[in-house]
Structure formats: structure tokens, C-alpha cells
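1. Based on what follows, work out the 3D shape:
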Amino acid sequence: MEEAGKGEVLERNTKSRLDSHPGSTASFFTDDLILDILSRLPARSVHRFKCVSVTWRDIIADSANRKKLPQTLAGFLYTTTVGWNRHHFATVSGSAAPFDTSLPCLQPNKYKDMAQVDACNGLLLYLCSSKSVVNPWAWAEDDFRFVVCNPATGRWVELPPQPQAPIYRYRYNCMAGLAFDPAVSSHFHVFCFEETTVKTYMTGVNIYSSRTGAWSRRDGGIAEKVALFFYNKGIFVDGMLYVIGNLKGTSNEYVLLGMDMEGKVQKTIPMPYGRRFGTIGSSQGCLLYAVASVDDNNKILDSEIELWCLKDFDSKELVLKHTANIDELMSMTGEKYRVVGIHPDCDTIFLVSYGGDTLVAYDIRHQKVGRILNLEKNNAQRFLPYVPLFSESLADADRQ
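-> Got it, this is the predicted structure:
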């Protein structure tokens, strides 16, 4: 049984025991036993159990217990650009600990500049340089290094240089992704995809495994000729990394690639509306895709958003889960929005205004506007969700 399924069963059993002895059962458990039960549940269930009793609420809220309990979304890392990259953090949880975007855990003055690349289940992936400006089109240069860190514990590791690729005159790294599931293993993988301006589609991928402490390479033949979107992000679900690309050929349709940890593509899934680009994310164990609706004449409806779902590991097509109308939000603010994130524990999406200065939480199931946050101006972009991970274990951290 998958971890999410175990959590749901445990939550139902716990609820049934409480219901069978109303007002008294909760008092029979010791604090240590309550903490042990809660540590085995999904973050969404833990927050619901704050309502069981004052004792349970205090146990969950106690900062000393935070390391043992699953955490929910704290906020989003994002970047603004005014001559150089500036890093910011937008808090979406009132109980979240402050996040220092300067990452003081890294060695002082070791890196001149850092680019936010990806985030996955509490770990962050950065591209660090000894130069003053990071140039993503030149990631293969010797003075650029990937760094994986856990801000909640201050542990981090610098990855070794990537293996040499075949000599292409115009080779560049189009994107990178982080794959990590603490419920399965303390080890992580980093994927670095390559394209060339000559072939204009994916030509290879370098994969770093913290278990081996080394990179491996898969050249060509990854899938059909697919061009990945530059600076796109991957989503890791059920042991597979999913990325969006453009299928080269007569249709040029957008597809979702599901890749295993060996770099082999297991799924090539057509995206809704062919050449409409949306946002992928994961929530409650499912991979989701959010995109603006279209009318019968294929005209984009800015006020309607569709949420599509890849239900399970064996699924090879996306199915429509929700359709939301954000007319109320647009009339309140006078702005248009695009989806930049999906909450990992509930049916909430996050939208940013086209001006890039407002982040909005929207409950897509109940069609309600939630929290509205003001962002730093200057074209906020590259939103990465952050869920704190208080586990001391970070595989390979002794390399720091």
C-alpha cells in the first residue's frame, strides 16, 4: 500500500475510535503516543487533528515537536530581476518559520551568485557560480556547480562536475530537476537535460545519484524528438520525474514526459489543447496540470481555469478534475492571472498577476478567493514551492 493510502487508513481508524468514545478517548493517549500517531499521517490530516482537543492542538503547535511531524506548504521561493537575480520568499502559512533567502548555511563568500533551480519535498536545488552573474546558457562551464541543501537543518552538499558530453558547438543545458521522496529514502537524484541549437531537441541527460555520489549519462534515444521548455521545472511523483516538452514533427503538440531514475522515458502523454502551456504540480499524491480554458472557437478564457489530473502511477492520460471561474478575483483587482503553483495537501492553486506583483491563493473546489499577498515588484517569476523538512538526514551531506 502506498504511503498516502496508509495515512488515509490510519486517519479513518483514529477518527472512528474517537467517535466511539466522544469526549474521553483523546485523554487516554500519552503525549508520546499521540506524537507517534501524528507523525505517521499526512500533513493535511495533522492540521485537521488540531480540533480533537486542546492537548492535541498544543502538541501539534509545539515547536519542539516540529521535527517529528509532517509539514505542509510554507510558501514560495521566487526571483525578481533588475540587472541581476534577487531571491525572495512569499509565506502562505501563518505558522511557517521565517525563511532566509541568503541561505547562511552555505560557506560564507564561497559563491558569487546563486540561481534557484528546483525544489522537492524540503530540499532545494541551486546553481552556484564563482562569477558575479549566473548564465544558465553556460551551465557546463567549470566554475558552475549544483548545490542541494535543506534550509530547515542547514545541511547541504555541492555536487561534483558533470561528465563530459559529446562535442557540440552549440550545446547547452535547457533545464534541471530534483527528485526526492523522504518517505522512501534519504537519497536524491538531480537531472540535467541537454539540447543543442543544431538539433533543437533533447540530446542527453546527466543524472546525479546521492547514493553513488556520481553522475551517469544517457545519450540520445531518450524519447521521440522532444524539445523541453527552457527554465521549466519538473515534478517528482511516484518515483518518476515529469517534464513538459514540445513534440517535434507535424503537430508540434505539447507532451508530458514521465522519466524514471535511470533516465528512461516511461510515458509520453498528450497535453490538453495541444499547444496551450500551463503549470504542473503535485497534490495529495497526484500529478496535476493547471491551464486556462478555451471556448468552442478555441479562444482562451482568462477567467476560467481547468485542473487536470494524472490519477495514479499507471495512468497514461490526463483527466479533467475541476473547472474554476475567477471572474470574482479579476473584478476585485482589475488584473489577469496565471497559475504558478498547486498546494500539496489540498485543492488550492496559486495565481500570480500578469504584472507579477500579487500572489493569490484560490480554493478551486469551493471557488473561493483566499489569501492575497503583495510580492516584490520587477517581474516576479520562477515560483518554487517550499515544504520544510526537519529530518537531519541529507544523503551525501558529509561532502559539504
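2. what number of residues lie near residue 161?
-> Residue 161 has 12 neighbours, counted by other C-beta atoms under 10 Å. Heads up, the C-betas are built off the backbone N, CA and C, glycines and all.
3. ok, now residue 311?
-> Counted by other C-beta under 10 Å, the residues lying close to residue 311 total 13.
4. what's the spacing between the closest residue to residue 162 other than its chain neighbours and residue 127?
-> Spatial nearest neighbour of residue 162, chain neighbours left out: residue 206 (4.7 Å); criterion: C-beta to C-beta, 6 or more residues apart in numbering. According to C-beta to C-beta, to the nearest Å, residue 206 and residue 127 sit 13 Å apart.
5. ok, now residue 101?
-> Distance, residue 101 to residue 127, by C-beta to C-beta: 15 Å.
6. next one: residue 258
-> Separation of residue 258 from residue 127 (C-beta to C-beta): 24 Å.
7. Look at residue 101 and residue 127 and report which has more neighbours.
-> Each of residue 101 and residue 127 has its neighbours counted (other C-beta under 10 Å); residue 127 has more, 22 against 14.
8. Next up, the contacts around the residue nearest to residue 162.
-> Residue 206 makes contact with 162-163, 165, 191-192, 194, 215-217, according to C-beta atoms under 8 Å, 6 or more residues apart in numbering.
9. go again using 10 Å as the cut-off
-> Contact analysis of residue 206 by C-beta atoms under 10 Å, 6 or more residues apart in numbering lists 140, 146, 162-163, 165, 173, 176, 190-194, 215-219, 263.
10. Pull out the buried members of the residues you listed.
-> 140, 146, 162, 165, 173, 176, 190-194, 215, 217-218, 263 (16 or more other C-beta atoms under 10 Å).
11. Nearest to residue 278 among those?
-> Nearest to residue 278 among those, counting by C-beta to C-beta, is residue 193 at 19.8 Å.
12. my guess is the closest one meets residue 219, correct?
-> No: with contacts counted by C-beta atoms under 10 Å, residue 193 stays clear of residue 219, the gap being 12.0 Å.
13. and for the two, which residues touch both?
-> With C-beta under 10 Å, 6+ apart, residue 193 and residue 219 have common neighbours 203-206, 263.
14. Among the residues you listed, name the ones in strands.
-> Secondary structure from DSSP state E places 203-206 of the shared contacts of residue 193 and residue 219 in strands.
15. Going along the chain, name the helices of this structure.
-> Taking DSSP state H to define them, one finds helices in the chain at 3-20, 31-39, 43-48, 54-61, 327-333.
16. For the last one, which outside residues touch it?
-> Translated: helix 327-333. Outside helix 327-333, the residues within contact range by C-beta under 10 Å, 6+ apart are 302-304, 326, 335-337, 351, 353, 358, 360, 362, 367-369, 372.
17. at 6 Å what do you get?
-> The contact list for helix 327-333 (C-beta atoms under 6 Å, 6 or more residues apart in numbering) reads 303, 369.
18. export it as CSV, just CAs?
-> Listed next in CSV are the C-alpha coordinates belonging to helix 327-333 (Å, rounded to 0.1, in the frame of the first residue of the first chain):
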residue,chain,number,x,y,z
ASP,A,327,-14.3,36.4,-12.5
GLU,A,328,-14.7,37.5,-8.9
LEU,A,329,-11.0,37.8,-8.4
MET,A,330,-10.4,39.6,-11.6
SER,A,331,-13.2,42.1,-10.8
MET,A,332,-11.8,42.6,-7.4
THR,A,333,-8.3,43.5,-8.6
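19. Please compute how far it lies from its chain's middle.
-> Distance of helix 327-333 from the chain centroid (C-alpha atoms, centre = their mean, to the nearest Å) equals 27 Å.
20. Just the mean pLDDT for that helix, thanks.
-> Confidence for helix 327-333, expressed as mean pLDDT, is 86.
21. ok, now how distant is residue 321 from residue 309?
-> Distance of residue 321 to residue 309, given as C-beta to C-beta: 4 Å.
22. My error: substitute residue 152 in the last question.
-> Taking C-beta to C-beta, one finds residue 152 at 29 Å from residue 309.
23. what's the answer for residue 149, then?
-> Counting by C-beta to C-beta, the gap from residue 149 to residue 309 is 31 Å.
24. Residue 310 - nearest residue in space that isn't next to it in sequence?
-> Spatial nearest neighbour of residue 310, excluding adjacent residues (C-beta to C-beta, 6+ apart): residue 287 at 4.2 Å.
25. Hmm, that neighbour is touching residue 237, no?
-> Yes: counting by C-beta atoms under 6 Å, residue 237 is a contact partner of residue 287 at 4.7 Å.
26. neighbour-wise, which of these two wins?
-> Set residue 287 next to residue 237 and count neighbours by other C-beta under 10 Å: residue 287 wins out with 26 against 21.
27. can you pull the contacts of that one?
-> By C-beta under 6 Å, 6+ apart, the contact list for residue 287 reads 237, 242, 310.
28. how does it look with 7 Å?
-> Residue 287 makes contacts with 235, 237, 242, 280, 310, as judged by C-beta atoms under 7 Å, 6 or more residues apart in numbering.
29. Also residue 347?
-> Going by C-beta under 7 Å, 6+ apart, residue 347 touches 322, 363-365.
30. try it again with 8 Å
-> Contacts for residue 347 were tallied using C-beta under 8 Å, 6+ apart; they are 283, 307, 322, 363-365.
31. Of these, which belong to strands?
-> Counting by DSSP E, the contacts of residue 347 contribute 283, 307, 322, 363 to strands.
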